[in-house]
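Novice: generate coordinates for the sequence data below:
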Amino acid sequence: MGTEGARDPVADLRRIAFLLERAGEATYRVRAFRRAAGTVADLDAGEIDARVAAGTVGELPGIGAVTERCIVESLRGEEPVYLRRLLATAGRSVDADGAALRALLRGDLHSHTDASDGGSPLAEMAAAAIDLGHDYLAITDHSPRLTVANGLSADRLRAQLGQIRALAPAVAPFRLLTGIEVDIDADGTLDQEPALLAELDVVVASLHSGLRGSRDVVTGRMLAAIGSGQMDVLGHCTGRMVTGKRHRPESDFDAERVFAAAAAADVAIEVNCRPERLDPPKRLLRLAIEAGCLFSIDSDAHAPGQLDWLPYGCARAAACGIDPDRVVDTWPVERLLEWTGRRRG
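Specialist: Numbers count the residues shown, from 1 in each chain. From the prediction side, this is the model:
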């Protein structure tokens, strides 16, 4: 490890493990960094440098993609991005930072009404959002393929757009935004007419089926959807359920490729605030930050009271050090709609 100007990758990996432990992160994640530190510490002098030059660090036992990146950055004399993110939030009050981020949110881009599987009509959702101090709320009922959630056909969605426009004067200056949570189909296409999607203010695209598919298949579906140019937000990307009877593990997909594609396409990664989802997990939020992604902190509310679930996502986003200006629902509505308007440009 004699590269001129290099940091000590063993020390950096151990520091990361320490900070993860202090933050109460999962034991398996801490062990991954401590195991990687042990592997590097046991190498003969110069071997790790040679492996960095050859691009074979990841072939060492106990070294994964994230720890490999940390080692390479450290040997280049750079503070590893993962460590920098942890240091940025170390010693800070997550509650205070989460509350500060919540105060910056101007709206919510994922909500459901009784038109699909929500419990209340449009006007009640709007009234609750206004009471919470929102400037805007996107109505994103499900698409037709999700019959279990009474997904909206093209004709039913058009009728809802008319209802939103009719209600608009009564709730002004608050803005009800037209939208959809559209299913990502098996081939990666989106489950609604492309011309109709282009009319909407906000398009959240999510996987609701095939969640246990192979890594390559799930990754391919996500990449195709992102590459379509028809979506704004990738909803609850792992599909996990962490509490209750609906416990479900994460989908397996290549998060680095998906987040890189999302960053390139200016597609936001949703921080889903539903207590049973809390999706994505923090390790993936940090990976998305490193990829340069935008984010959308959304309640995924199915009832008026659930619109107040935003603090759950804000606390997790703050813990990971997300820059508030990268959170699209901190933006004024004009900037937000300029961003979503790229789909029509």
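Novice: can you list the domains in the chain?
Specialist: Per automatic domain parsing, the structural domains of the chain span 9-89, 94-344.
Novice: can you list contacts of the helix or strand harbouring Met222?
Specialist: Using DSSP states H and E, Met222 maps to helix 215-227. The contact list for helix 215-227 (C-beta atoms under 8 Å, 6 or more residues apart in numbering) reads 184-190, 205, 207, 210-211, 213, 231, 234, 237, 251-254, 257-258, 261-262, 265, 267. No exception for glycine: its C-beta is placed from N, CA and C like everyone else's.
Novice: rerun that using 10 Å as the cut-off
Specialist: Here helix 215-227 makes contact (C-beta atoms under 10 Å, 6 or more residues apart in numbering) with 182-190, 205-207, 209-214, 231, 234, 237-239, 251-265, 267.
Novice: and it, how far out from the chain's middle?
Specialist: 15 Å (C-alpha atoms, centre = their mean, to the nearest Å).
Novice: could you do stretch 109-125 as well?
Specialist: On C-alpha atoms, centre = their mean, the centre of stretch 109-125 falls 22 Å from the chain's centre.
Novice: same question for it, mean pLDDT?
Specialist: Mean pLDDT, stretch 109-125: 95.
Novice: ok, back up a step: buried residues in the helix holding Met222?
Specialist: 217-226 (16 or more other C-beta atoms under 10 Å).
Novice: turn the buried ones among the contacts of helix 215-227 into a named PyMOL selection, would you?
Specialist: Applied in PyMOL, the following selects the buried portion of the contacts of helix 215-227 according to 16+ other C-beta under 10 Å:
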select buried, resi 182+183+184+185+188+189+190+205+206+207+211+213+231+234+237+238+239+251+252+253+254+255+256+258+259+260+261+262+263+265+267
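Novice: re the thing from before, I'd like the next helix or strand past the helix holding Met222.
Specialist: Assigned by DSSP H and E, the successor of helix 215-227 is strand 233-234.
Novice: where does pLDDT dip in the protein?
Specialist: For the chain, the stretches flagged by pLDDT under 70 are 1-4, 24, 45, 90-94, 244-245.
Novice: which residue ranges of it form strands?
Specialist: Secondary structure of the chain, counting by DSSP state E: strands at 107-108, 136-139, 175-183, 202-206, 233-234, 268-272, 294-298.
Novice: dump those strands to TSV, plus distance to Ala37.
Specialist: Formatted as TSV, the strands of the chain follow (distance: least, C-beta to C-beta, whole Å):
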stretch	distance to Ala37
strand 107-108	41
strand 136-139	44
strand 175-183	42
strand 202-206	37
strand 233-234	33
strand 268-272	29
strand 294-298	30
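Novice: quick one: closest of those to Pro169.
Specialist: Across the strands of the chain, Pro169 has its closest neighbour in strand 175-183 (10.7 Å, C-beta to C-beta).
Novice: against which helices or strands is that closest one packed?
Specialist: On a contact count with 3 or more C-beta pairs under 10 Å, 6 or more residues apart in numbering; DSSP states H and E, strand 175-183 meets strand 107-108, helix 122-131, strand 136-139, helix 154-171, helix 194-199, strand 202-206, helix 333-340.
Novice: out of these, nearest to Leu60?
Specialist: Comparing the helices and strands packed on strand 175-183 under C-beta to C-beta, the one sitting nearest is strand 202-206, at 36.7 Å.
Novice: and the closest one, which strands flank it?
Specialist: Sheet pairing of strand 202-206 (DSSP bridges) gives strand 175-183 (parallel), strand 233-234 (parallel).
Novice: hey, which of those strands is tucked in deepest?
Specialist: Among those, strand 233-234 has the highest mean neighbour count (mean count of other C-beta atoms under 10 Å), at a mean of 28.
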